Each structure stands twice: as structure tokens, then as C-alpha cells.
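> Pasting the sequence and the predicted coordinates here, then a few questions.
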Number of protein chains: 2
Amino acid sequence: MRKSIATVSLSGSLSEKLSAVAAAGFDGVEIFENDLLASPLSPEEIQLRATDLGLSIDLYQPFRDFEAVPDEVFARNMRRAERKFAVMERLGADLMLVCSSVSPDAADDDALAARQLRALAERAAEHGIRLAYEALAWGRHVNTYDHAWRIVEQADHPALGTCLDSFHILSRGSDPKGIEDIPGEKIFFLQLADAPKLAMDVLQWSRHYRCFPGQGGFDLAGMLGHVLRAGYTGPLSLEIFNDVFRQADAGRTAIDAMRSLIALEEAAGLSSLPAPVVPDGFAFAELAAADTEPLRSLLGSLGFVRTGRHTGGKPVELWQQNEARVLLNTVSGARREGPGLVALGLESPEPAAAVRRAESLRAPVVPRRRAPGDVPLDAVAAPDDTELFFCRTDRDDHPSWTADFGTPAPQRGTAGITRIDHVALTQPWHHFDEASLFYASVLGLQPNESLDLADPYGLFRSRAVANATGSLRVALNVAPVPGEQEVRPQHIALATDDLLATARRVREAGAALLPIPDNYYDDLDARYGLDPESLAAFRELGVLYERDTDGREFLHCYTVTVGRVFFELVERRGGYQGYGAANATVRLAAQHTADAGSRRS
Amino acid sequence: MRKSIATVSLSGSLSEKLSAVAAAGFDGVEIFENDLLASPLSPEEIQLRATDLGLSIDLYQPFRDFEAVPDEVFARNMRRAERKFAVMERLGADLMLVCSSVSPDAADDDALAARQLRALAERAAEHGIRLAYEALAWGRHVNTYDHAWRIVEQADHPALGTCLDSFHILSRGSDPKGIEDIPGEKIFFLQLADAPKLAMDVLQWSRHYRCFPGQGGFDLAGMLGHVLRAGYTGPLSLEIFNDVFRQADAGRTAIDAMRSLIALEEAAGLSSLPAPVVPDGFAFAELAAADTEPLRSLLGSLGFVRTGRHTGGKPVELWQQNEARVLLNTVSGARREGPGLVALGLESPEPAAAVRRAESLRAPVVPRRRAPGDVPLDAVAAPDDTELFFCRTDRDDHPSWTADFGTPAPQRGTAGITRIDHVALTQPWHHFDEASLFYASVLGLQPNESLDLADPYGLFRSRAVANATGSLRVALNVAPVPGEQEVRPQHIALATDDLLATARRVREAGAALLPIPDNYYDDLDARYGLDPESLAAFRELGVLYERDTDGREFLHCYTVTVGRVFFELVERRGGYQGYGAANATVRLAAQHTADAGSRRS
């Protein structure tokens, strides 16, 4: 279906918004009145700009507080509407959004509302303009879609239809099934917005927290199904009031928006994309640094063995321990932040299909700078610029990336680490919802709940995405506001079947483990009544512990941070599914303490 | 009364928090358990640190989910409590906060709750520890203060009392009058928190949006009155969960916290500070820049006359037009941001008393670097470091600061500007609530509602503070998140009785006025139906217009920005009290357009 977006959804001037919308591949825009008022371009120039960009102007919005008013107010409102029709003619827009009134002037009188809207429609029709009447969730008398539709029906004018907005409908808990009773041709417009489920005043919720479909908690595909069954054939249009999007790069937001509509069309059965190819594990994680020596030393003490160097001459080494593989990339030029996690190899049942899926969802495909002998590798960039490579490691049916490292034999290593359990990626502040939609739609991973974790210097949000078996997990972390948290370290969590043994072995091999305060263990004892031996071992090794309500256990400990990277060692007992969130505060404080200590020394 | 604060209210490590609390002059602290768990200091070391800093440990908190549970859970909970008593003994804390249970294990059985709390109190007493039982607003069965008190009464143990928390009580709309029915000696602790009135889930509201007394919408003084009449004699303690304070400088937050308690004590009649001396106008506004030539030229075209130079040899000039006075300070060294508004002269009925008031509220007094002949001037620093000078201009009863400029004669000027109407100061992100409490408590100004204004690149919040007559007004602006908005320009608004005439004259004199888009005027016509002549004049001069619901009018226009400063010209008709907020979006966009234009040219 045609895809449209309201200019209020994006940051910047109207010109910048139009360019971003066109570049992301939208067919049209809703012009938000304030964007027009604030623009130095005349309506004619805006029309020209849109035409040049291949965009239709699908809606002019909003026209407020019109209906069910006393005669003298009605006369003023008609005059006000006439002025707007004039602007719309100059703009080349032929559909105006009329919101249900919030004015104290408005009477609770459907017949009056219908009569006045009919008069407005009559006047609009003279200008070749149609009206889409929409119930605001906080409208004074009209605040449900079926009420708005009854008034439209009563007004009975060909130039008057209704506009449906998913937020206004779903935020009030209205049953969207009734939409199917509205004749499709009387649904003049459909606005789509998702939102996290928040218990807050609906006006504030709507004005600040809307997000793109798939980023919130509403069933947009279900609602869209009802609208389609009603026979709606107009555009799918996004109207998102969001404080973050107001500040984020408009081009990036527009692509995120487009991805959300493509995924929504798929979910509603309107299109068939290449099916998701869910990765089933990590092939590797790649760390880059100007000086990789500290990482080399740390990997060695963690029991990894360097098994290969890039055969094409790139300054990249492969380190292995069972199924855990880390690439060390010695990049030229100083990276101010020190070592960083720059790429992930994902084990994919079908790499080429995975890339086709990613492309269809507007994920940027990473151009490969390949040496002549290199194995072809397919990669896309995640929203935080982490490169995601789709791999099949050492399988007969596909070239293996390990060939670039001389196809080294497996290594058992010395510390009992079996595989990469998860990686944690720090997301730039503006990209949290985008990232979570990206991993869900492009890779078919399931997002968990978003959690607030308390760092001593501010809260940050964390949300994990994982495949169904938990063999691939990525934790996305972001500070709730921009600031120093943006340089928060990223980390690789390594799985072991016996954390205490692994921790002892790596400590003996010289790995510096993060010291955890004694007070934590007193509390652990108070909470869980652990056996003294385990508690003593945890205390000695700096092991953190969590037990979920089903008795499943999680043991984990951390190395100190090298540059922007640290490692976690984890043992999941009995199928524990989380990430030890209850321990995050203590761990984050311990990292600050260690950092402060290393700055002093 | 003794003053205390919970460590959770501040950013940083426990050590940093204790230092900040002591430096701000608090008597004690509540130790928030997570801060202890995350600290590398042992409980004994924390006790020593607190003692060294002169702080008592007034409360250990929170102990959760204890009461009204089945026997086997009760046994576990008693064991858990014993471990906490051990920590408290090491810490030297003798009062523990017990929160009403949120656990699904808890039964709705007051008798059981009382029996179990009594058993806990018995055990606590053996350790010399007392318990303060508090109803969380979201407690499973116990969520009002009177319910918690009934259980405490029923338990009837000397080591068990209640803890009152203003947020939990007022957020639920409970009537605090009933507090007077609780015997004062059974109120073991009082936690004070304010909050903006938000329609949201009370748990989220409590965890993220609490603020210091006087910064929100609750009647803390009224509630405190009830607690005092009940006979409470313990400390006044702040427990503030606030996302901003978690990130802000702890030292600064602690002083803000102390100011809020001092003001609250005054409001509750517990202390008498030097009375507020409300300023009744602006003596001057001071602009500083390395290169003041562009400002000199702009002031000249605005009809100002340079009437004096600092007689002590400072590189400061006085520019005047009727009662509007601007100081131009040529500072040495480059200021990256260009010209800035650095000081305000406030007309004060009694400058010395104003400073005493400010000092009593912990406002930093600005040390004066005076030349020998300089007039003594009293100044304090506002939270954004703007210096506030308390002045009496050209009065017989006090030396006038104008003597430093040779006591120049008044100047009528050429543009009809009469006085400074208001100034707008950009607040650093973390300091918005602090600033508003500062201006209210230190200067006795009234804060208006806080508004969200839409800039093309993000929302920002604005709140004005003013005296009762409106002769002194300061608008405080802040971006809702840190970022580039922190360098948003500040401005001086100049009053005229005839804006159109003034705008014409300054334009003729060469002032560059901010161009406003034509589209704005089409909308103005649609909304107000202005007479064509006025509309044409507005359009020609870039004048913005607002009419409030009482028909009072506001006309204003802007100069272009010089460095970080611009001027606004304003005419208030019929006693209009606002700041033209409805025009902010258009004005902000126009400023971005003009800035982009000047960068291109």
C-alpha cells in the first residue's frame, strides 16, 4: 500500500523533513500545520518541493475545535476554515484532518456536530477538498472512533469521511473490531502509531511517547486487519509525536519509520518479504583496537588460543576456545575510546537469504573490502554501526569464514569456556527503539521487556533480544539521556558449565577479575541462605548470583575493563533465561570503583 | 529541626554522597541499602566516615516484603532480618525502615501482620534496633498511612513505630489531617518528598519524578504541620527518587536539597529567616563578550545611548534608554560562545536584607573584586552562575551603582523603549527545578506553570518566575535533555508602549529584525481575523501577536542573534501576563532559518 508519514514525526525544518521522507522511500506526507507556519517556504514552494521529491501531500492537519458550537462561534470557525482551504489549495492538498473538539464551546450534541460538519464539507467540496473527522482520545464529547463515525454517518456528505488513528483507538482500550462496520470508502485516512503501554494521562502519553509500529505494546497488525477488512484502500500513514524523534537525525528516523511499515505490512499479510532467517548462535565477535596487546593478554588468561591470522594479510587474529571465537583487529590510527566491539558473526542457516531479508527491511548492506582470496561474507550494519556477518562455520554446504584464517582446528582451551553466551552493545541514545525493531524484524529475534538499571551516575535502559532457544542473545543498553553513558563499555559474555572452576583457572592464569564488595555477599546470604561453602567461593572469586522464582540459577563474574570492552563469564543452571539484572547496580558500581582505582594508580 | 537525606537522592558512590551531604550542612543520612551493597567500604568504615563528617545514620532502608506471610516464609524473613540487624549493628544504625509488603505471599490479614511485626520488633529490640513501618502507596494490602498505623497500634511494641512519607500519603490523595491522631512518639521517622502533579502510575511517578519540597505540586508545609501537631520531634528527611538528580553533581544537588528544607521549615513556621525582599524591577542587564562591537552597534540601532564608562577603569560601558539599562563588558580572552548575559541588576527595596535572605538559603555570595572608588554592591550567584546584584538606582537612601559610571543623566533614547520587560536565561539541564526553587525562595518570585515549547530540533521546557506586579520577570528555559540546546541563546526583552512605532524606528536605524514566515500571518488572520492594516504592519515588521482568552494582547518581535544573545521588543496591552508561548515554535524555527542563512553567507 502507499506509505506516508506526518512531518511532525521528524526533526528539523520542513525542507529537511521532506528530503528525509523522500530519501527513505515514502510515497507521501501529511503536512503538520506548525511545520508549514514555521517554514520560510510558501505553500506553492512546498508543493513544488514535494513534487520534485516524488511525494504526494496526502493530508493537511490538524483543524481543531470546529464542531457543535453556538452560531456565532460557528461563523468564526467557518471563516477560519476558509482561510485553511485557501492554504490547502496553494499547497495542492485535498484532504484535511478535522479533530473532534476539545473546546469548552462545544456542546454534547451529535446532531449539531453533524449539521455543522456537513456545512463545512459542503464548503470544502467547493474547493475540491475532503474532510476526515477523527476522534481524539481526549476529545471533549467525541473521543471514540465509533462516535466520530456515527456523526460522519449522520452528516452524510460525500466530502466528509472519518480518519482512524491507532493510538487514539487502542490507548482507550476500544475494540477495533467495530471498524469493520464502517464502509471502507468512508475511511478517508488511517494514521498508525504504536506506544509503550504506560499508565499515564492519555494526552501526555500521546504527545511524548508514541513510537513506530512494532516498537510499542499495541497490536497494530490486528488493528490494520480490521481496517483492511472494512475495505480501506488509502495510504498507511505514520503520525508519531515522540520527544526522542524530535531530536534525532531525520534521515535515520525516516528509515526506521519505513522499516516499521514494511514489517507491519508483512505482519498484516499485505506483503511477503523474504522470510526471517533466525541466527542460531555466534560465529565470532570482533574487537578492534589500535593496540590489541592488552586484549591478547586478557584472552590468553581467559584460556583462549590464537589459532590463526588472516591469510589475506589483514591485521586480524582468530582466538578460539571450543565454540567461542574472538577476532582481534589491530586497526590503524588511534581510537580515542580504546578497544571496541565492532562486528558480530552470526551463525545463519542461510546467509544469502538472511541478507535478502535484511535488504528488504532497509538494513544497509556493508560493502566488503575483500582481498582476492577471501571467503565471500555477507554483512549488514546494525543501527549502532556494529557489522553483522551472516556465517556458516565449518559446514560442508557453505564456504566458511575460518578459511580466511587457514581453517584452524578446534581448540579446547584451558578454562572451560564453551561459547559466547551473549554480547552487550551500547546503543547511541537516539537509537534504542530503532535497534530493538531492527533486531526483531531483520533477524527475527524476540525482544524482552525493557528494564531500568541503576548505575551510580544515572539510570540506563536495557533490553535483550534473543532467539527462541536462547542460543543467540544480544543485550542492548542505552542511557536514558545522552551524556557520558554513551561511552559505556560493551561486553562479551562467555558461557561455561562450571563458573567456579573457570573463574579459578582464569584467575590463576592472570586474568584480573572485577572485585565485588563484601557487603553484596552479606546481602546474598540474607536473601538466599546459600550454603557457606558456595558463599565463600562466590565471595573469594567475585561471583554474582541470582535465583529466579522457579529456582533456576545464574552465576556470573566479570573481568576488569580494557578500553571500552570487558568480558563476563556466565553459568546458566536449570535453564535460567535472564541476565542477572538484580546484580547490575552492584556490578556497575564495582566497575566505577575499579576504573577510579586504575585512574589513581 | 535535624535535617537528613536518603543517599538514594544523590548521584555517585556512597563516599561521594556522604561528603556532599555533610558539605551541604545536613545532620544525618538515611543509608539506602543498594548504596551500601555497592560500596567497597565495610559497614564499620561507613560508620567511621559518617562520624568523621559529623553525620548521624538516622535510618537504614528499606526492608521489604516482611509481614503477613505463611509460617515458612515468616521464618525465612526473620532470618533475612537478622542478617540485616547484624549489618546495622556494624553500621551503628538503630532505626530500620520496614515497607508494607508488595509480595504475592502477603495475606490481607492485619492481625497476622501485627503479630509478625511485633515478633520482628521483639527481635530488633534485642539488638537495640527500632522499626519504622511505612505504607507504600502501592503496597499489596497496606497502602495508606492510617492502615499502617492501625497495624503498628495493634502490634503494640515499643520498638515498633510508623514512618510517614509525604509522597506515599499525598500521591494517593489521603487526607493528612488524620496524622494528628497518631501519638508523636510513635512516628519514628518522617520522609519528605514533593512531586509534580502527574497523572501516571504511582510507582513510576515515585521512582522517577520525585523532587525536593517546593519544586513540585504538593502542600508539604501543610503536611508537615500535621506531623508537628502530632508531636513528632525526629529529623526532617528527604527521600527523593529522581532521574535527573541521579546524574547531577551530588554537591550541587545536596545544597539544593538543603535549601528546600530551610524554605520548608520557614513555610511551616519552624524558623524565621530574614524576610524575602522581592525585587521590583531591573536595574540593568550585563552582557559580556570579547568583542563587544556588534552589541554596541545593535544597542545603538535599538535607540540606546552610551552614557558612561566604568570610572574605576573596568572595560564596562553603560547604555541607557529611559529605565532600560544595559552594561557591556569587554572581557579578555575569547569566549567560544560569543556574547553572553552574565549578570542582572535587580532593583531591591533593601539590598543588604536581600543578601541576608539569600545567604540564609545557601545562595553563594559573589566576592566583589572592587576597585577603591567603587560603590559597594551586593551580589549572589544564581544556579546557572548568572550574578544577581541587589541595587537601588539613583535613590537618596542608598549608594547607586550608577556612580561607578559617573552618575549619568537619564536618556530618553530614540526608539520608545521604556524598560527591561523580562530576561530569558538558559538553564543547564540539571538545574531547572533548582533554579525555580532558588528564584522562589531566595527572591520571593512566583513560578508560573512549566511549558513544553517545540523547537524544530527538540522540545524545551520553559517556566517564568515573576513578582506580583509583573515588573520583574525572568524566563527560565531548558532543553529536556542535555545536548546542543544547552547553548541556546539567552535574551533581553525590552518594553515599549508602541511596538509598531518602535520596530519601525529601530529598523530604520539599522537593527536587523528576525524575519517571520508569511505563512504565520495567514494563520494569524485565520485565527484572529485582525484588521488588514494591523496584519499588514505585523507582516511587514515581523511582529508576532497573541491574544489571551480575556482579550489582552501581546505584540513582540526579535532582533537577530549576536553570539548567544538577542533582544526582543514587547508591548503588553490591557495587562497581558504571558510571554507569547503560542508563537515560540514559529520564532524558534525562524531563528534556526536565520542562523543557517548567516552561516551560509
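Great, that's in hand. What you are looking at is a predicted structure, and each value in this text was computed from that prediction instead of being measured. Numbers count the residues shown, from 1 in each chain, chains lettered A, B, ... in the order given.
> residue boundaries of the strands in the stretch 151-300 of chain A?
Assigned by DSSP state E, counting those that start in this stretch, the stretch 151-300 of chain A shows strands spanning A:160-165, A:187-192, A:236-238, A:281-289.
> Please report phi then psi for A:Asn322.
In terms of degrees, to the nearest 10, the main-chain angles of A:Asn322 are phi 50, psi -130.
> swap in A:Pro213?
Torsion angles, degrees, to the nearest 10, at A:Pro213: phi -50, psi 130.
> residue contacts, it?
A:Ser166, A:Leu192, A:Ala193, A:Asp194, A:Leu220, A:Ala221, A:Leu238, A:Ser260, A:Leu261, A:Ala263, A:Leu264 (Cβ atoms under 8 Å, 6 or more residues apart in numbering or on different chains). Any C-beta I mention is one placed from the backbone N, CA and C, and that applies to glycine too.
> please redo it, this time with the cut-off set to 7 Å
A:Leu192, A:Asp194, A:Leu220, A:Ser260, A:Leu261, A:Leu264 (Cβ atoms under 7 Å, 6 or more residues apart in numbering or on different chains).
> Out of those residues, which is nearest to chain B?
Nearest to chain B among the contacts of A:Pro213, counting by Cβ to the nearest Cβ, is A:Asp194 at 19.0 Å.
> Confirm for me that the closest one is in contact with A:Leu220.
Yes. Here A:Asp194 reaches A:Leu220: they are 5.6 Å apart, a contact under Cβ atoms under 7 Å.
> about what we covered before: in TSV: the strands of the stretch 151-300 of chain A, plus mean pLDDT and mean neighbour count.
Shown next, in TSV, are those (pLDDT from 0 to 100; neighbours: other Cβ atoms under 10 Å in any protein chain shown):
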stretch	mean pLDDT	mean neighbour count
strand A:160-165	98	26
strand A:187-192	98	25
strand A:236-238	98	27
strand A:281-289	95	23
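> Can you say which of the ones you listed is nearest to chain B?
Of all those, strand A:236-238 comes closest under Cβ to the nearest Cβ, at 18.2 Å.
> Please state the offset of that closest one from the chain centre?
Chain-centre distance of strand A:236-238: 18 Å, with Cα atoms, centre = their mean, to the nearest Å.
> So, low pLDDT: which residues of the stretch 351-500 of chain A?
A:369-376, A:480-488 (pLDDT under 70).
> which residue ranges form the strands in it?
Under DSSP E, counting those that start in this stretch, the stretch 351-500 of chain A gives strands at A:378-381, A:387-391, A:417-426, A:446-455, A:458-466, A:473-478, A:490-496.
> Give me the distance between the first one and the centre of its chain.
Okay, so that is strand A:378-381. 18 Å.
> ok, A:Ala382 touching A:Val366?
No. Using Cβ under 7 Å, A:Ala382 is not in contact with A:Val366, being 10.2 Å away.
> which of these two has more neighbours?
A:Ala382 (24 against 17; other Cβ atoms under 10 Å in any protein chain shown).
> Contacts only, for the more buried one.
A:Leu388, A:Ala435, A:Phe438.
> Tell me how far the first one lies from A:Ala283.
In this case it means A:Leu388. 11 Å (Cβ to Cβ, to the nearest Å).
> Quick check: phi and psi on A:Asp94?
Backbone torsions for A:Asp94, taken as degrees, to the nearest 10, come to phi -120, psi 10.
> Quick check: it touching A:Ala132?
No. Because the distance of 11.0 Å does not satisfy Cβ under 7 Å, A:Asp94 is recorded as not touching A:Ala132.
> between these two, which one's more packed in?
Shown here are A:Asp94 and A:Ala132; by other Cβ under 10 Å, A:Ala132 has more neighbours (26 against 18).
> Buried residues in the host helix or strand of that one, which are they?
Here A:Ala132 sits within strand A:130-134, counting by DSSP states H and E. By 16 or more other Cβ atoms under 10 Å in any protein chain shown, the buried positions in strand A:130-134 come out as A:Arg130, A:Leu131, A:Ala132, A:Tyr133, A:Glu134.
> from these, which single one is nearest A:Ala159?
A:Ala159 lies nearest to A:Arg130 out of the buried residues of strand A:130-134, by Cβ to Cβ, at 4.7 Å.
> In contact with that closest one: list those residues for me.
A:Arg130 sits in contact with A:Asp94, A:Leu95, A:Ala124, A:Ala159, A:Gly161, A:Phe188, where contact means Cβ under 7 Å, 6+ apart.
> Output the longest helix along chain A as PDB, nothing but the C-alphas.
Longest helix of chain A, by residue count under DSSP state H: helix A:71-91. Extracted C-alpha coordinates of helix A:71-91, given in PDB (Å, rounded to 0.1, in the frame of the first residue of the first chain):
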ATOM      1  CA  ASP A  71     -23.900  30.100  15.900                       C
ATOM      2  CA  GLU A  72     -21.600  33.000  16.400                       C
ATOM      3  CA  VAL A  73     -18.600  30.700  17.100                       C
ATOM      4  CA  PHE A  74     -19.600  28.600  14.100                       C
ATOM      5  CA  ALA A  75     -19.400  31.600  11.800                       C
ATOM      6  CA  ARG A  76     -15.900  32.400  13.100                       C
ATOM      7  CA  ASN A  77     -14.900  28.800  12.700                       C
ATOM      8  CA  MET A  78     -16.200  28.700   9.100                       C
ATOM      9  CA  ARG A  79     -14.100  31.800   8.400                       C
ATOM     10  CA  ARG A  80     -11.100  30.100   9.900                       C
ATOM     11  CA  ALA A  81     -11.700  27.000   7.800                       C
ATOM     12  CA  GLU A  82     -12.000  29.100   4.600                       C
ATOM     13  CA  ARG A  83      -8.600  30.500   5.200                       C
ATOM     14  CA  LYS A  84      -7.200  27.000   5.600                       C
ATOM     15  CA  PHE A  85      -8.900  25.800   2.400                       C
ATOM     16  CA  ALA A  86      -7.100  28.700   0.700                       C
ATOM     17  CA  VAL A  87      -3.700  27.500   2.100                       C
ATOM     18  CA  MET A  88      -4.500  23.900   1.000                       C
ATOM     19  CA  GLU A  89      -5.300  25.000  -2.500                       C
ATOM     20  CA  ARG A  90      -2.000  26.700  -2.700                       C
ATOM     21  CA  LEU A  91      -0.400  23.600  -1.300                       C
END
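> Run through the residues of the stretch 251-400 of chain A sitting next to chain B.
By Cβ under 7 Å from any Cβ of the partner chain, no residue of the stretch 251-400 of chain A approaches chain B.
> domains in chain A, as residue ranges please.
Domain assignment for chain A by automatic domain parsing gives A:3-267, A:281-366+A:373-600.
> Any chance of JSON lines for those domains, columns distance to B:His430?
Shown next, in JSON lines, are the domains of chain A (distance: least, Cβ to Cβ, whole Å):
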{"stretch": "domain A:3-267", "distance to B:His430": "17"}
{"stretch": "domain A:281-366+A:373-600", "distance to B:His430": "10"}
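> looking at the ones you listed, which has the lowest confidence?
Among the domains of chain A, domain A:281-366+A:373-600 has the lowest mean pLDDT, at a mean of 91.
> residue ranges of the helices in the stretch 401-550 of chain A, please?
With helices called from DSSP state H, counting those that start in this stretch, the stretch 401-550 of chain A shows them at A:432-443, A:499-508, A:518-528, A:532-541.
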